[in-house]
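[1] give me coordinates for this.
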Amino acid sequence: MGGSRRPAAAVAAAVCVVLATLTLCAPAAAYFPSNTPLPVAQILENPAGYHTTPDGRQFKAKVYQVNGCQSTPGNESGHYMGMGRTMFNMISSAACTMVDDPVTGTPTYTAFQAFRIKANGFRFHATFTMEDIDAEPATSANWTDGWRESMTAIGLAGGSIVRPMFWTNTPALVSVQDQAISGAALAEVGWTGFGDTPIQGVAYQSTTDMRNMGASDMELGDGHVYFGTPIEELLIISALSQTNRFVDMYTNNWVTAIYIDWGCICLASTTYNRDTIALIDPAVPGKCNIQSLTKTPHKCDFAGNQWCRTVDVAAWYRTTQYRADMTCDCAIYGIRVNRRSVAYTPSSTFLTDPW
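    Below is the predicted model:
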């Protein structure tokens, strides 16, 4: 279902400045640094048991059917659907349906399908789209008769839950909603030590337009995800927010390729001091002076023990002579640098390491 789709990073609004052949965009270029596509199915289907990206990083993945939520035999979650998409499949019954918390009323994931993705010795930023979050056209005038879908994603870093940012297209038949996930369900996917945890997710919203979406309208059911805090593990979840009252069926939705940030194994170079032209006030463009900076540059090096993100940053050059107070007018240009992100400590037994 559906045609070609831009990654979630391309959806963000940006203000761009064109300088000769260089285009600098803010905040999107800085806010969404992801660039390397990683389909979940590419990890799941790798005969080695893990996937190695072109820059040398390793990921492994696993499909979970939590608390009895089943897929169609022979059409299980994890199949590659083309265009970078990986499919979720589940039965449209109470076995895969969220439960309202008896005290707060918060819709809670207790039984669901999930992809768990784990990185070998590093943390990563991620952005992707959860697609085709739709509903069954009601079998009567009552919108509560048909199934309705919900999806979410959470990360893990240093033993703590990391929550991403979610947003939808405009217009949309889905919305970002306050939800929760049960501690027992988290334990079933190997994330132990957590109680019921408040999160957000993207769920079918409309009560007037119950629609099983196709290629022409699938963007109405998109939920975009961005992890601004780097994570070690990623959990992507698909469930029903409402079950079918009459006949159990099977439902599908998709997740696009995960876009992870560029980078390399890196090594710190010698720290040095230098004078540079920089903005006097970051809120006032075009007015600079000379400032002394201390830098520890990092270079890509397979002997390193750090992971660096490759990022485009703004720099400034002088466009007028210095005034008596050593200020000047200045203009922006862009440079690409390696910024130390996290320690890089890959395991030589990654494939057999316990989940």
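[2] quick one: secondary structure of the most centrally placed residue in the chain?
    Residue closest to the average C-alpha location in the chain (Cα atoms, centre = their mean): Thr127, at 3.0 Å. Three-state call for Thr127 (DSSP: H, G, I helix; E, B strand; the rest coil): strand.
[3] I figured Ala185 was touching Val66, is that so?
    Yes. Using Cβ atoms under 8 Å, Ala185 is in contact with Val66, at 5.3 Å. Placement of C-beta: from N, CA and C, glycine included.
[4] out of those two, which sits in the busier spot?
    Ala185 (25 against 22; other Cβ atoms under 10 Å).
[5] can you pull the phi/psi pair for that one?
    phi -70, psi -40 (degrees, to the nearest 10).
[6] check contacts around it.
    Val66, Asn67, Tyr109, Thr110, Ala111, Phe112 (Cβ atoms under 8 Å, 6 or more residues apart in numbering).
[7] among those, which ones are in strands?
    Counted as lying in strands by DSSP state E, out of these, are Val66, Tyr109, Phe112.
[8] who's the last one bridged to?
    For Phe112, the residues forming beta bridges with it (DSSP bridges) are Val66.
[9] coming back round to it: I'd like the ones in strands among the contacts of Ala185 as a markdown table, with pLDDT and distance to Asp217 appended.
    Formatted as a markdown table, these follow (pLDDT from 0 to 100; distance: Cβ to Cβ, whole Å):
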| residue | pLDDT | distance to Asp217 |
| --- | --- | --- |
| Val66 | 98 | 30 |
| Tyr109 | 98 | 26 |
| Phe112 | 98 | 25 |
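[10] where in the stretch 151-300 of the chain is pLDDT low?
    In the predicted model, the stretch 151-300 of the chain carries no residue with pLDDT under 70.
[11] at 80 instead, please
    Applying pLDDT under 80 to the stretch 151-300 of the chain flags the ranges 245-248, 262-263.
[12] just the strands in it please.
    160-162, 165-168, 174-181, 197-204, 223-231, 233-242, 250-255, 258-261, 263-268, 272-279, 287-295, 298-300 (DSSP state E, counting those that start in this stretch).
[13] starting at the chain centroid, how far to the fourth one?
    Yep, that's strand 197-204 we're talking about. Counting by Cα atoms, centre = their mean, to the nearest Å, strand 197-204 is centred 14 Å from the centre of its parent chain.
[14] most neighbours out of the contacts of Ala185, which is it?
    Counting neighbours by other Cβ under 10 Å, Tyr109 leads the contacts of Ala185 with 31 neighbours.
[15] that one and Ala184 touch, don't they?
    No. With contact defined as Cβ under 8 Å, Tyr109 does not reach Ala184; the gap is 10.6 Å.
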